[in-house]
Each structure stands twice: as structure tokens, then as C-alpha cells.
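Asks: Below are the sequence and a predicted model for it; my questions follow.
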Amino acid sequence: MSERAWILLPSGRQLDLLDPDPWAWTDDDLAIGLSRTYRWAGYSAWDLPLSVAQHSLTVLTLRRSLFTERPLTDGEARRELLHDATEALMGGWDPITPLKPHLGPGFSALVARLQEAIDHRYELPAWTAADHVLHKRADRLAAANEVYHVVGWSRAAMLDQLGIELVPLENDPIDLPSDQRAWEPWPPKLAQVRFLRQLRALAADQSSASPGARPARGC
């Protein structure tokens, strides 16, 4: 029996991690995975940890509201929303950033293959140098907000131990559900639904929005 290198997804489909097919997962699979993959190793000062799905929605909100000189195209917005999508496809693992260089070239190659499949599936535009700088600003501000408001680090510890110099925002930038408090991590089902709604809104004219559509690979 050969060693298994695939994962079984909620839809019943299988994703080969060594040779990922861009059409092996459904949008629902991705939303479920990101809603159950947790930031900051799952630690939180709240009752629930913060999901990558909620983080992704926040980064998109920050990119649109603070770090742009013009409205984002749908492709650019999808690129922001899906910037951490590989973490869902790796089986729900968000590796701590300082750990990544120690995981070796095999891990980097795995992430690169999955990112290529995501780029193809959702027709994500390539990063320009200027756009990537703006994305990183939004991503780092989201991280500053999270470590302070969600995980519970002090400002001094953020600077001394994490090297985060950005000042966390006072107000939660995301459009809050009526029953959620500012900075509160959402239940997985809520994060799943909100992420999927945003993805489908940005991909309304994409065949990926229809689970039944499956163009030939490489097209």
C-alpha cells in the first residue's frame, strides 16, 4: 500500500497534497477549513479562538478602507481574501511564522504547489511590488489588532517580544454581526458563512462559484 498524501474533505472529495488539483475542493470545503483553522496557535483571551476565515475578512476590510488609493478590482479583493487559503488545504494548520524557516524546503514546496492551485482556481492576479507592500501593511495591522485585542498581549510585550510596532486600532474595522462584540472571535459556523458569502460575491462571474463546474486542468 502506498503512503497516503491526500486529505478527505467535508464534500467527500480528496485533495492530493503532493499534486493538488485546483478543482479538487469546493468553495464550501475551503470556507469550512479556514473557519476551523486558528490564528495564534488557537490561544485567545475570549471563549473562542480566532479563525483564519475571520482574519481574512478583516485583512480585506483593512485593505479596502485604509491601504488603497482606488477601489480594488474583484480579482485583487479575492487575492486579499484568499491570502492564507493554503492553511485550510494543509489540513487546518496555521504554522507560527518564526517556525516556517525551520520546516525545510519540502514544506515551502508544498505551500507553493497549493498556492499555485489556488491562484489558478480563483484566477488571482500576480502580486505587484506596490500591491504586496499594501497587503502586508493590512496583514500586519490585523496581526497587531489580534495580538492585543484577541490574544491579550500588552503593548510593551508586543514590542519587546514580538517586535510589533504598529498601534492597534481602537475600533474593530469589520462589519460585525448583531450578536458579536468588537474583536470577539466568531463561532466557526458564522465565520464559515461570512467567508463563503464574501468569496461568492467576489466570484459571482467565476465558474468556481458553482460546485458542479470543473474546467479541464491547465485551461
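Replies: Great, that's in hand. Remember, it's a predicted structure, so these values are computed and weren't measured experimentally. Numbers count the residues shown, from 1 in each chain.
Asks: three-state assignment of the one residue sitting closest to the centre of the chain?
Replies: Among the residues of the chain, the smallest C-alpha distance to the mean C-alpha position (C-alpha atoms, centre = their mean) belongs to residue 84, namely 3.2 Å. Secondary structure for residue 84, judged by DSSP: H, G, I helix; E, B strand; the rest coil, is coil.
Asks: and residue 174, what does it touch?
Replies: Remark: with contacts taken as C-beta atoms under 8 Å, 6 or more residues apart in numbering, residue 174 is in contact with 54, 57-58, 61. Every C-beta, even on glycine, is put in place using the N, C-alpha and C of the backbone.
Asks: Any figure for the gap between it and residue 196?
Replies: Residue 174 sits 16 Å away from residue 196, going by C-beta to C-beta, to the nearest Å.
Asks: Near the closest residue to residue 144 other than its chain neighbours, how many other residues are there?
Replies: On the basis of C-beta to C-beta, 6 or more residues apart in numbering, the spatially nearest residue to residue 144 that is not a chain neighbour turns out to be residue 166, at 4.1 Å. Counted by other C-beta atoms under 10 Å, the residues lying close to residue 166 total 16.
Asks: residue contacts, residue 166?
Replies: With contact set as C-beta under 8 Å, 6+ apart, residue 166 has these partners: 140-141, 144.
Asks: Cross those against helices and list the overlap.
Replies: Among these, the residues falling in helices (DSSP state H) are 140-141, 144.
Asks: nearest to residue 96, of the residues you listed?
Replies: Each of those was checked against residue 96 using C-beta to C-beta; the closest is residue 140, at 15.3 Å.
Asks: how much space between that closest one and residue 147?
Replies: According to C-beta to C-beta, residue 140 and residue 147 sit 11 Å apart.
Asks: Between those two, which has more neighbouring residues?
Replies: Neighbours were counted for residue 140 and for residue 147 using other C-beta under 10 Å; residue 147 has more, 22 against 15.
Asks: Any buried residues in the helix or strand where residue 138 lies, and which?
Replies: With secondary structure defined by DSSP states H and E, residue 138 is part of helix 129-145. Neighbour-count burial for helix 129-145 flags 131, 134-135, 138-139, 141-145 (criterion: 16 or more other C-beta atoms under 10 Å).
Asks: What strand or helix carries residue 112?
Replies: Under the criterion DSSP H and E, the helix or strand holding residue 112 is helix 104-121.
Asks: Can you spell out which helices and strands pack onto that helix?
Replies: In terms of contacts (3 or more C-beta pairs under 8 Å, 6 or more residues apart in numbering; DSSP states H and E), helix 104-121 is packed against helix 86-89.
Asks: CA-only coordinates of the helix it packs on in CSV, if you can.
Replies: Coordinates of each C-alpha in helix 86-89 appear next as CSV, following Å, rounded to 0.1, in the frame of the first residue of the first chain:
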residue,chain,number,x,y,z
THR,A,86,-3.3,27.4,1.8
GLU,A,87,-3.6,26.9,5.5
ALA,A,88,-7.0,25.3,5.1
LEU,A,89,-5.8,23.0,2.4
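Asks: How far off centre is that helix?
Replies: 8 Å (C-alpha atoms, centre = their mean, to the nearest Å).
Asks: same thing with stretch 39-59?
Replies: Computed by C-alpha atoms, centre = their mean, the separation of stretch 39-59 from the middle of its chain amounts to 11 Å.
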